[in-house]
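Asks: please find the sequence and the predicted model below.
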Amino acid sequence: MIDPAKVPTSSVSWLGARRIIRSVHPPIDLFEDIADPADWPLLISAEQKSNPRLMETLGNIDLVPPNRRVGGPGASYLMGPFTHVSTDRPSRFTKGDYGVLYAGNAFETALAETVHHHARFMARTAEPEGWTSQFREIVLDIDLTAHDLRKGAGAFDAALDPDSHAAGQALGAALRAAGSDGIAYPSCRHRGGECVGLFYPDLASGPIQGRHLDYHWNGARVDFYRDASNGEVFRIDDDPV
């Protein structure tokens, strides 16, 4: 296992970072409308009495420390990855028992990362060819001191294995337990791209919705994406790394 104590830290400040999520997940009104997260517990307690499905919508806010919760416009995009977690949805730096918000430093990086995972899902479920699923681009600012895997002369290769998340999950859990705010790392899907995995929502700010996107599955890979706002179609490089 990679020794967490040997992972250097760096300041990461990105204006206009990109995150792409499925459009099936709508914003959560409570996070949007109530600016002060300190008011949430009492409001949730009152709402549960008349709305038994509230927790299904909100997820588990107890997974986010009260002093690290965020509210106001766009807060759903920041809180959602941390309140809706499942061991059925592991990722590079978590087994799914805690949340991580992933973002790329550029649209092309976020696109390549999501296209890869969407293609794996489509292949695993033997989906027919065609335009599939709607996604939305989220533009946000990132600011944290991150544990940095972007340099190290191969010391962190195990955590960046494109085919296995085992080492990355172990490192992520160890760093988070030791008080880390998040991890900066080179994209495994987009050459030259950089990503962050945030352990708390207050490390990002100003999220706004960008483009709506559709992905085209050709039976073997995602070969095109479409900007749903104007119908323009773009080819996706079959070897972006």
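Replies: Nice, thanks for sending it over.

Asks: and stretch 205-224, what's buried?
Replies: Buried residues in stretch 205-224, counted by 16 or more other CB atoms under 10 Å: 207, 210-211, 213-217, 222-223. Quick note: C-beta positions are derived from backbone N, CA and C, even for glycine.

Asks: correction: the previous question concerned stretch 124-136.
Replies: Those would be 132-133, 135-136, for stretch 124-136 by 16+ other CB under 10 Å.

Asks: how about stretch 193-201?
Replies: 193-201.

Asks: how far is the longest helix anywhere in the chain from where the chain is centred?
Replies: Counting by DSSP state H, the longest helix found in the chain is helix 107-124. From the chain centre to the centre of helix 107-124 is a distance of 12 Å (CA atoms, centre = their mean, to the nearest Å).

Asks: may I have that helix as PDB, with CA atoms only?
Replies: Written as PDB, here are the backbone C-alpha positions of helix 107-124 (Å, rounded to 0.1, in the frame of the first residue of the first chain):
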ATOM      1  CA  PHE A 107     -14.400  20.000 -20.200                       C
ATOM      2  CA  GLU A 108     -12.400  17.600 -22.300                       C
ATOM      3  CA  THR A 109     -11.100  15.900 -19.200                       C
ATOM      4  CA  ALA A 110     -14.500  15.500 -17.600                       C
ATOM      5  CA  LEU A 111     -15.900  14.300 -20.900                       C
ATOM      6  CA  ALA A 112     -13.300  11.600 -21.300                       C
ATOM      7  CA  GLU A 113     -13.700  10.400 -17.700                       C
ATOM      8  CA  THR A 114     -17.500  10.100 -18.000                       C
ATOM      9  CA  VAL A 115     -17.500   8.600 -21.500                       C
ATOM     10  CA  HIS A 116     -15.200   5.800 -20.200                       C
ATOM     11  CA  HIS A 117     -17.500   4.900 -17.400                       C
ATOM     12  CA  HIS A 118     -20.700   5.200 -19.400                       C
ATOM     13  CA  ALA A 119     -19.200   2.900 -22.100                       C
ATOM     14  CA  ARG A 120     -18.300   0.300 -19.500                       C
ATOM     15  CA  PHE A 121     -21.900   0.400 -18.300                       C
ATOM     16  CA  MET A 122     -23.300   0.100 -21.800                       C
ATOM     17  CA  ALA A 123     -21.100  -2.800 -22.700                       C
ATOM     18  CA  ARG A 124     -21.800  -4.700 -19.400                       C
END
